[in-house]
Each structure stands twice: as structure tokens, then as C-alpha cells.
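A.B. asks: prediction below, plus the sequence it came from.
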Amino acid sequence: MANLGEISEALIAGNADRVRELTQAGLEEGVSAGELLNGALMPGMDEVGRRFKANEFYVPEVLIAARAMHAGMDILKPLLAAGGVASSGKVVIGTAKGDLHDIGKNLVVMMLEGAGFEVVDLGIDVAPEGFVNAVKESHPDVLGISALLTTTMVQMGAVVEALKGAGVRDQIKVMVGGAPVTERYANEIGADGYAPDAASAVDKAKELLGIAS
């Protein structure tokens with residue numbers, strides 16, 4: 001039988017080819033897509049997140065591990081969809097208007113996907129109405145807003161107000177993060193949650209949706 005721990009280890013090491021090979025081998029041996037996701041890929045990304053939080057891993061290692069995770073997910077996604085495996089939830093995420101930084105946001109996307117979330121990435125420089133339209137179209141459980149500049153941080157409050165104006169604020173949980181953002185600021189603008197880093201963002205999203213970590 002496929003060694004799920006071996007897949008996790010290959011993912012943590014960032015060996016995309018090995019993850020792809022072992023995931024395919026697991027399927028051929030009769031291991032279900034859901035078992036490979038929940039027993040190998042997700043635990044691997046959980047460990048990457050733990051090491052990132054503990055400063056044992058840095059951005060390059062996380063990006064390489066995420067690429068390895070995607071190598072396995074590319075094989076599993078069609079089977080998971082066909083098998084009706086439920087996602088952890090849906091997240092729409094983007095960087096606030098005027099902000100062109102996306103490394104932090106991209107890390108959050110990768111970590112969320114590694115934790116089984118379906119993610120709609122709006123990219124950078126997203127206006128409040130862009131977030132509102134995405135919420136109306138995608139019906140996410142969580143809306144994530146990122147900002148790296150104090151000058152663009154104010155746009156987060158504008159997004160919350162735009163959601164209220166459109167009558168959709170109570171349909172979702174709003175999560176904010178980025179270098180200048182604090183929990184206090186998140187509370188001031190009426191966000192539901194704040195995350196200081198990508199690994200914490202996964203924990204916060206689960207907490208907001210009542211999913212056990």
C-alpha cells in the first residue's frame with residue numbers, strides 16, 4: 001500500500017516529482033483520492049504551516065512545498081470532484097485597492113488550498129466593488145483581504161462598508177491580514193478575524209467556520 005507518510009515527507013521537502021509519482025501510485029494501488037488528500041497532502045501542508053510559524057521554514061520553502069502540494073492536487077482534483085469530497089469551505093481573497101504586493105496573499109492561497117479550501121483568487125489592486133461582485137458571484141464562506149501598506153490598509157474598511165451597502169455583509173466572514181494590519185484595526189473596521197501570517201490564516205478561517213483544526 002502507498003505510504004501516506006512518505007507523500008507528506010516528499011511534500012514537506014518540496015519534491016514535486018516525487019509527490020506526483022507517489023500520489024499516482026497510491027491511486028493505482030486502490031487508495032482513495034480523499035484518503036490521499038486527508039492522510040498525506042493536508043498533513044504535509046499542516047506541518048509546513050507549523051514550521052513556517054516556528055520560523056523553521058521561510059517563504060521560499062513554503063512556496064516550494066506548495067508547488068509539490070499542487071503536483072498531487074492536480075491528480076486528485078478531478079477525482080475529488082467526481083467523488084463528491086466536501087471542501088473545507090470557499091474563500092474569496094484579494095489584495096486591497098492600490099496595493100500591488102501579492103507574495104503574502106499567494107502564500108495564504110496556497111496554505112488554504114493545502115487545508116482543503118476552495119479558493120477564488122482575485123489578485124492585486126482589488127476595488128471594494130470588485131470584492132462585492134466576487135461575493136455575489138461565488139457565494140464564499142470567507143472573504144480575505146490583504147494589504148502590505150498603511151496607505152492601502154484603509155481600503156479594508158471601505159470593503160466592509162461596501163459589503164454592508166450591498167446587503168451581503170452578513171452572508172460571509174471577513175478576514176484581514178498583512179504587515180501593517182493588527183487585530184485592533186481588524187476590530188475597528190468590523191472584520192470577523194485577523195491573521196498575522198499565512199499559517200495563522202488557515203487556523204483563523206477554520207475557527208470562523210467552526211472547523212476543528
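C.D. replies: Sure thing, it's come through. It should be emphasised that the depicted structure is a prediction, and the values quoted were computed from it without experimental measurement.
A.B. asks: okay, now the nearest residue to Ile103 once chain neighbours are set aside: neighbour count?
C.D. replies: Closest residue in space to Ile103, ignoring its immediate chain neighbours: Val59 at 6.6 Å, by C-beta to C-beta, 6 or more residues apart in numbering. Every C-beta, even on glycine, is put in place using the N, C-alpha and C of the backbone. Residues within reach of Val59, counting by other C-beta atoms under 10 Å, total 13.
A.B. asks: one more: Ala186?
C.D. replies: 22.
A.B. asks: any figure for the gap between it and Asn55?
C.D. replies: Distance, Ala186 to Asn55, by C-beta to C-beta, to the nearest Å: 23 Å.
A.B. asks: how about the closest residue to Ile172 other than its chain neighbours, secondary structure?
C.D. replies: Closest residue to Ile172 apart from its sequence neighbours, by C-beta to C-beta, 6+ apart: Leu143 at 5.1 Å. Secondary structure assignment for Leu143 (DSSP: H, G, I helix; E, B strand; the rest coil): strand.
A.B. asks: what does the pLDDT read for Leu143?
C.D. replies: Looking at Leu143, its pLDDT stands at 98.
A.B. asks: who's it bridged to?
C.D. replies: Beta bridges link Leu143 to Val92, Val174, judged by DSSP bridges.
A.B. asks: surely it and Val174 touch.
C.D. replies: Yes. With contacts counted by C-beta atoms under 8 Å, Leu143 reaches Val174, the gap being 5.0 Å.
A.B. asks: compare neighbour counts for the two and give me the winner.
C.D. replies: Taking other C-beta under 10 Å, Leu143 and Val174 do not tie; Leu143 has more neighbours (29 against 23).
A.B. asks: which strand residues sit across from Val120 in the sheet?
C.D. replies: Beta-bridge partners for Val120, by DSSP bridges, are Val92.
A.B. asks: avg pLDDT for the helix ranked longest in the chain?
C.D. replies: Secondary structure of the chain per DSSP state H: the longest helix is helix 59-83. Mean pLDDT, helix 59-83: 88.
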